[in-house]
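In: Fold the stuff below for me.
(chains A and B)
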Number of protein chains: 2
Amino acid sequence: MSDATNAPAAPAPEQQQERPSVHARNPYAPHPGDYLSNVSNFQLIESTLREGEQFANAFFDTEKKIEIAKALDDFGVDYIELTSPAASEQSRKDCEAICKLGLKAKILTHIRCHMDDARLAVSTGVDGVDVVIGTSQFLRQYSHGKDMNYIAKSAVEVIEFVKSHGIEIRFSSEDSFRSDLVDLLNIYRTVDKIGVNRVGIADTVGCANPRQVFELVRTLRSVVSCDIECHFHDDTGCAIANAYTALEGGARLIDVSVLGIGERNGITPLGGLMARMIVADRDYVMSKYKIHKLRDLENLVAEAVHVNVPFNNPITGFCAFTHKAGIHAKAILANPSTYEILNPSDFGLTRYIHFANRLTGWNAIKSRVDQLNLQLSDDQCKDVTAKIKKLGDIRSLNIDDVDSIIRDFHAEVNTPLLRPLEDGSDAPAAKRTKTEDEAAPSA
Amino acid sequence: MSDATNAPAAPAPEQQQERPSVHARNPYAPHPGDYLSNVSNFQLIESTLREGEQFANAFFDTEKKIEIAKALDDFGVDYIELTSPAASEQSRKDCEAICKLGLKAKILTHIRCHMDDARLAVSTGVDGVDVVIGTSQFLRQYSHGKDMNYIAKSAVEVIEFVKSHGIEIRFSSEDSFRSDLVDLLNIYRTVDKIGVNRVGIADTVGCANPRQVFELVRTLRSVVSCDIECHFHDDTGCAIANAYTALEGGARLIDVSVLGIGERNGITPLGGLMARMIVADRDYVMSKYKIHKLRDLENLVAEAVHVNVPFNNPITGFCAFTHKAGIHAKAILANPSTYEILNPSDFGLTRYIHFANRLTGWNAIKSRVDQLNLQLSDDQCKDVTAKIKKLGDIRSLNIDDVDSIIRDFHAEVNTPLLRPLEDGSDAPAAKRTKTEDEAAPSA
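Out: Sure thing, here's the model as predicted:
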């Protein structure tokens, strides 16, 4: 259990100093010259109610699905993707119910490349249909057993049927990164010519890495004129980076789910991608998405599927804005941008300086002394810091421990009896230990 | 709480079919022609006992540090990095104690670019010293307040001192991706000429993205002749991908910690990087690291810092090898490589087919019927699957629910009284519902 109360911490000062844009300072940051890039023009296909339903712990009843759909819509996602109406009778009814909510987000459902599914899908009232078929040797051999000609033929039939109903259609391959490149480009070009709204690349097994993603997206960008959507599983921990790099390569839409829930360990998480994108283009993200509602959204879904928000989750992990090493604390107190690329207040969150530990430094302790409304000189702060670090070497500290040490020290140095002379010195004997402050460097 | 018992699941069949190399099939995979790449020649600098100590919840006493150091050494990490001996008196003693363990891994400590720290470091008996100094405008202004000339002068003094003691020395900038490129290259070239063993690039605030990383590493690779080490924070979820891309660009060493623990939400996690690297070069990873001990190592550290292993952790997350959607289960039963890029048995783990839910398919249920040692025909399996999906539409199921339905169904169809005729048909009336099996596609 990640318990924030175990982490002695104190709110840091409120002042927010100016944060220069990463762009302006960094020759490697994306810039307008990246003509393929959609980093500043991306859309989200939110799939908590489709991919997320495939998460081991997920069971969403109708009421919960509607609650989640409304929260996603309020957050500002562009599309909400739902489980296929062919999956079960209730799945079909839920799809119809969510279509009737009148949300701003477009509603999609995700089906096999099959006319029965397509007919069912269009009957639910969705704004678009996401069609998928396995194109890798593995899936062609062990899943549906069909060849590329069959796949192309089915795709054309389904696409033309869906289009004839005047709604959006996406065609995606499955396991794209283990599919034959020529087969892939052939089928994408075919469906692009028929007029799909989007083609999809899917890293179904989570094997792709960023430079592969960039190359494949860039190649596909030169072959089709429609938008490119990408779907990344997180088996090897690259789902956020792959999504970002796909946008750099010219993809426009990214599939996400809240906390990344999905098959196995899931897909690109909404929150993690927001962290990534806000660093790239804060204005775009802030103009489209209510990122201060991220924490509530994550808590809603975490509760529904009986998991904790991971301790190390981007943005909302309990310590994402906790600064501990003395050297970090010192700099953060001077200017939060020194050790923060994200601004916690954007997310309705607060920064903490973790001062109750042996890695602490006198700047952090001085800040705590100020919070306690006590008066100690810099030298006195260094002395009491030495005492705190000494106890911190013996055991884990909490805020009360530190506050007691500070108060005792303050009482001691301010007791008139202890003052040897009225010589203007701030403090009595309290031997100045040679504390090397902020001695735990960090990179 | 992620509770695996909430996830009805059954072990999947044992057979492991051949897994063709990703390389052989994928034109975008890394290949020997990537002359810069160290993907097949990387080393790990394990920093749980340095960066990890800066995690909010971390307090390691001497005994725990030694237990973790031994476990890391047994796992096979190349280097173990320890907190600066200047951080506190006990930190110094612990550093000495770990140096005396006689581990195979080389022991490093991590200090500020300062002669006092350097003298203390070499006195502890470490095999090498990692020196760091902030080079970004932020850190130069708000942390140490020094200019690049001062930085270079201190660096040269410290490096020559450490080298004179015959141990390894690394010089790293801090916040490298927000530092001036020319300043960076200047100082790296200077320290390379003096003969450092490694130069370090650090994404201290977690702002870097993979293509930036590749460009900076590749540029630096052309400037220095020593090894390049990289350190990535995970604030925007790219720490694993950045590490991988750094290796592609010519970096050789990656800083990791168990579960990624460190300042804020931490750095590249050891386990996640193993997942990434095993997909790139399984033979290399298997030859160097005892990956089947990963779970024990993560549990050791998770317990020591009072966190849960995240539900979605690569490899060891409770559902990392759980397959749920019917179409996935079907293919996995035929060949696990269809929907798995990692082999759970490499990590001493087991695959699960999650069959107790409305997205299940008849292949998964048939597999469960076989496990229960019951005899049902394919059509009967489809019928009982329809019953299971119907209940799964109403509520969350567990294994007992499904087993009861299967056993009841089996009893029903095998009760002689119900058989209308001995006409060779397998089953009685039990109306064949038109279940579209595996109807929840997934990409």
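In: How are the strands of chain A distributed by residue range?
Out: Remark: strands assigned in chain A by DSSP state E are A:10-11, A:43-46, A:79-82, A:106-112, A:128-134, A:168-174, A:198-203, A:227-232, A:253-256, A:322-323, A:352-353.
In: so which of these gets nearest B:Y142?
Out: For the strands of chain A, the distance to B:Y142 is smallest for strand A:322-323, at 13.0 Å, taking CB to CB. Using the backbone N, CA and C atoms, a C-beta is placed for each residue, glycine as well.
In: Now the residue of the stretch 101-250 of chain A found nearest chain B: closest residue in space, sequence neighbours ignored.
Out: Going by CB to the nearest CB, chain B is nearest to A:A241 of the stretch 101-250 of chain A, at 3.1 Å. Of all residues not flanking A:A241 in the chain, B:A241 sits nearest, at 3.1 Å (CB to CB, 6 or more residues apart in numbering or on different chains).
In: ok, the one you found - how many residues close by?
Out: Neighbours of B:A241 under the rule other CB atoms under 10 Å in any protein chain shown: 32.
In: now A:V156
Out: 17.
In: for chain A, which spans come out with low pLDDT?
Out: A:1-34, A:416-443 (pLDDT under 70).
In: And it, what are its domain boundaries?
Out: As assigned by the TED database, chain A contains the domains A:36-305, A:322-413.
In: how far out from the middle of the chain is the last one?
Out: Spelled out, it's domain A:322-413. Taking CA atoms, centre = their mean, to the nearest Å, one finds the center of domain A:322-413 at 29 Å from the center of the full chain.
In: got it, and the first one?
Out: A distance of 17 Å separates the C-alpha centroid of domain A:36-305 from that of its chain, computed with CA atoms, centre = their mean.
In: List the contacts of the residue nearest the centre of chain A.
Out: For chain A, A:G272 is the residue whose C-alpha lies nearest the centre (CA atoms, centre = their mean; 1.1 Å). Residues near A:G272 by CB atoms under 8 Å, 6 or more residues apart in numbering or on different chains: A:A239, A:I240, A:G260, A:N313, A:P314, A:I315, B:T236, B:G237.
In: Look at the fourth one and say how many residues are nearby.
Out: The burial count assigned to A:N313 is 27, neighbours taken as other CB under 10 Å.
In: That one and chain B: what is the separation?
Out: Distance, A:N313 to chain B, using CB to the nearest CB, to the nearest Å: 7 Å.
In: show me the contacts for that residue.
Out: Contacts of A:N313 by CB under 8 Å, 6+ apart are A:L259, A:P269, A:G271, A:G272, A:E298, A:A320, B:N265, B:P310.
In: Okay, and which of those residues map to helices?
Out: Mapping the contacts of A:N313 onto helices (DSSP state H) picks out A:G271, A:G272, A:E298.
In: so how far is chain B from the nearest residue to A:I278 once chain neighbours are set aside?
Out: Leaving out its chain neighbours, the residue that sits closest to A:I278 by CB to CB, 6+ apart is A:V285, at 4.6 Å. A:V285 sits 12 Å away from chain B, going by CB to the nearest CB.
In: ok, now A:I332?
Out: Taking CB to the nearest CB, one finds A:I332 at 9 Å from chain B.
In: neighbours of that residue, just the number please.
Out: Neighbours of A:I332 (other CB under 10 Å): 25.
In: Same check on A:S123?
Out: If we define neighbours as other CB under 10 Å, then A:S123 has 13 of them.
In: For it, give me its contacts.
Out: A:S123 neighbours (CB under 8 Å, 6+ apart): A:P85.
In: Do I have it right that A:I394 meets B:Q90?
Out: Yes. The pair A:I394 and B:Q90 passes the contact test of CB atoms under 8 Å, sitting 7.5 Å apart.
In: Mind checking which of the two has more residues around it?
Out: Per other CB under 10 Å, whichever of A:I394 and B:Q90 has more neighbours is B:Q90, with 20 against 11.
In: What are the neighbouring residues in contact with the closest residue to that one other than its chain neighbours?
Out: Distance criterion CB to CB, 6+ apart; nearest residue to B:Q90, sequence neighbours excluded, is A:D393 at 3.6 Å. Counting by CB under 8 Å, 6+ apart, A:D393 makes contact with A:R358, B:S88, B:E89, B:Q90, B:S91.
In: how much space is there between the third one and chain A?
Out: From B:E89 over to chain A the distance is 6 Å, taken as CB to the nearest CB.
In: Neighbours of that residue, how many?
Out: Neighbours around B:E89, by other CB under 10 Å: 14.
In: what does the second one give?
Out: Burial of B:S88 is recorded as 24 neighbouring residues (other CB under 10 Å).
In: same deal with the last one?
Out: Per other CB under 10 Å, the neighbour tally for B:S91 reads 26.
In: Would you confirm that it contacts B:A97?
Out: No. Counting by CB under 8 Å, B:S91 sits too far from B:A97 to count as a contact (10.8 Å).
In: sorry, back to before: closest to B:L82 out of the ones in helices among the contacts of A:N313?
Out: Of the ones in helices among the contacts of A:N313, the one sitting nearest to B:L82 (CB to CB) turns out to be A:G272, at 30.3 Å.
In: Verify the contact between A:K106 and A:D130 for me.
Out: No. With contact defined as CB under 8 Å, A:K106 does not reach A:D130; the gap is 11.2 Å.
In: of the two, who's got more company?
Out: Between A:K106 and A:D130, A:D130 has the larger neighbour count (other CB under 10 Å), namely 30 against 17.
In: check contacts around the more buried one.
Out: Taking CB under 8 Å, 6+ apart, we find A:D130 in contact with A:I45, A:E81, A:L108, A:T109, A:H110, A:I111, A:R170, A:S172, A:G200.
In: Can you lay out the domains of chain A as TSV showing distance to B:S225?
Out: Compiled in TSV, the domains of chain A are given as follows (distance: least, CB to CB, whole Å):
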stretch	distance to B:S225
domain A:36-305	25
domain A:322-413	30
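In: B:I332 is nearest to which of the ones you listed?
Out: Using CB to CB, the nearest of the domains of chain A to B:I332 is domain A:36-305, at 8.6 Å.
In: now do the same end-to-end measure for that closest one.
Out: 38 Å (CA to CA, to the nearest Å).
In: now swap in stretch A:355-373 and tell me
Out: OK, stretch A:355-373 end separation, CA to CA: 16 Å.
In: near chain B, anything from that stretch?
Out: Yes. Counting by CB under 8 Å from any CB of the partner chain, chain B has neighbours in stretch A:355-373: A:N357, A:R358, A:L359.
In: So what does the second one look like in phi/psi?
Out: In this entry, A:R358 is assigned phi and psi values of phi -70, psi -10 (degrees, to the nearest 10).
In: check contacts around it.
Out: A:K389, A:G392, A:D393, B:A87, B:S88, B:Q90, B:S91.
In: burial measure for the closest residue to it other than its chain neighbours, as a count.
Out: Leaving aside its chain neighbours, A:R358 sits nearest to A:G392 (3.3 Å; criterion: CB to CB, 6+ apart). Counted with other CB under 10 Å, residues neighbouring A:G392 total 23.
In: can you pull the buried residues of stretch A:88-108?
Out: A:88, A:90-92, A:94-95, A:97-99, A:103, A:105-108 (16 or more other CB atoms under 10 Å in any protein chain shown).
In: In helices only, show me the residues you listed.
Out: Using DSSP H, those in helices are A:Q90, A:S91, A:R92, A:D94, A:C95, A:A97, A:I98, A:C99.
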